[in-house]
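[1] coords below, sequence missing:
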Ligand SMILES: C[S@@+](CC[C@H](N)C(=O)[O-])C[C@H]1O[C@@H](n2cnc3c(N)ncnc32)[C@H](O)[C@@H]1O
């Protein structure tokens, strides 16, 4: 793009993408993107969810519309940056923490849940019901209105937009927001202190999180001592997995699980078991053992459907202790290794090695960061966000394929990557790394 035409070119990209999305919504009779709630929440493009049944033609159209949405978001972001000019852009970026702070108030005082889904409520009534001081509440809400979270249909009243409504209809999304506003955001605000205090540290007890919460406990030890926070975290993880790039469907479809035949999969750090449950539903020959810390296992046992009780078991197991299940076909680690600095990730893998048979596999679902030239705007942003999230919470990181190969090699020189599945699809999403023991 040349400097003299860059604005026009970006505007054309936006216009073409908007046209493609509109055509898709008209042809598929999916609702067009809107700030205002409608009775049906199905089929929105901007939410990356299409819940109606699809044939392959409509799947293709859906994919094209999602690509159009990604290029529109990227082009409109670039356009805003350019039109704002460098000073205004930086100033606006610097105030960004107020958006998260306002969101934290919504989560803390359950504001979305106190606003009726179909009628407005006065600021005064909302203050009374939520316990949030009226004067402050109004000021916080006025920032959120600008961000299209709630709106003021008439003076002194507040009603739902599509975004605020989702905080009511999708409690798992709200749980994820709560983890971000109540654990990750305080942790992020202390990153600079952790870099000053512990430069180059590789300890999960010396992250921004630890300074923010005044604890030497790594995040998960801390969470297991705070059951309400842990439950919110687990719900949030399950919610993230329901749609979009990190959906469980990526796991279900992203690896040839049926080729394992009758096999047992140990889901190491499987949380409340939501991934194992989805896989067990889809592949009736597979059995699962979900291992995690006590609090996560307790919540998983409570929600195990009776239809899967004979194929899914839960057990408390600390992954920093030697693996107790021996001779298992598959050890599965989803979003586990990225929570730990290298030395700890190697210890987790090392603990699996004595339990492996010659034909066992270790299957890892994590982001695999592609080479810089293969990443593009929107996807790169989410990989970078995730990488920062791991840094501020645990001193951990997202990794490249070479990084994974190195971790495996350090755990045991015979451990090699056999294949990286769904590579390049969406680096922030569930890429699957299959590793096996190769004979020396
Ligand atoms: C990011 S979550 C991923 C959960 C699940 N695998 C998923 O994909 O949603 C990390 C999980 O690791 C578990 N975990 C952390 N430390 C652990 C330990 N020492 N032993 C077993 N599980 C642990 C946490 O309780 C949490 O459920």
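    Received the coordinates, thanks. Keep in mind that what you see is a predicted model, and the values were worked out from it rather than measured. Residues are numbered from 1 along each chain as shown.
[2] pLDDT below threshold where in the protein?
    Low-confidence segments of the chain (pLDDT under 70): 39-57, 243-245, 423-430.
[3] can you name the residues of it that neighbour the ligand?
    220, 237, 241, 269-271, 275, 292-293, 296, 318-320, 334-336, 339 (CB under 6 Å from any ligand atom). Using the backbone N, CA and C atoms, a C-beta is placed for each residue, glycine as well.
[4] just the buried members of the residues you listed?
    With burial judged by 16 or more other CB atoms under 10 Å, the buried subset of these is 220, 237, 241, 269-271, 275, 292-293, 296, 319, 334-336, 339.
[5] nearest spatial neighbour of the residue in the stretch 101-250 of the chain that the ligand sits nearest to, chain-adjacent residues omitted?
    At 3.5 Å from the ligand, residue 220 is the closest residue in the stretch 101-250 of the chain, using CB to the nearest ligand atom. Distance criterion CB to CB, 6 or more residues apart in numbering; nearest residue to residue 220, sequence neighbours excluded, is residue 293 at 6.6 Å.
[6] before we move on, the earlier item: need the max-distance pair from the buried ones among the residues of the chain next to the ligand.
    Put simply, by CB to CB the two of those set farthest apart are 241 and 319, 19.6 Å from each other.
[7] show me where the stretch 1-150 of the chain has its strands.
    Secondary structure of the stretch 1-150 of the chain by DSSP state E, counting those that start in this stretch: the strands cover 121-122.
[8] in which helix or strand does the residue of the stretch 101-250 of the chain closest to the ligand reside?
    Using DSSP states H and E, residue 220 maps to helix 219-224.
[9] got a list of contacts for that helix?
    Helix 219-224 is contacted by residues 183, 204, 207, 209, 213, 215, 229-230, 233, 293-295, 339, 393-394 when judged by CB atoms under 8 Å, 6 or more residues apart in numbering.
[10] so residue 321 touches residue 350, yeah?
    No. Assessed by CB atoms under 8 Å, residue 321 is found out of contact with residue 350, at 11.3 Å.
[11] neighbour-wise, which of those two wins?
    Between residue 321 and residue 350, counting by other CB atoms under 10 Å, residue 350 is the more crowded of the two (17 against 9).
[12] excluding covalently adjacent residues, which one is nearest to that one?
    Spatial nearest neighbour of residue 350, excluding adjacent residues (CB to CB, 6+ apart): residue 411 at 4.6 Å.
[13] let me see the contact set for that neighbour.
    By CB under 8 Å, 6+ apart, the contact set of residue 411 is 346, 349-350, 352-353.
[14] where along the stretch 201-350 of the chain do the helices fall?
    208-213, 219-224, 227-240, 248-253, 274-282, 294-302, 342-350 (DSSP state H, counting those that start in this stretch).
[15] out of the contacts of residue 411, flag the one nearest to the ligand.
    Set against the ligand, the nearest of the contacts of residue 411 by CB to the nearest ligand atom is residue 352 (12.3 Å).
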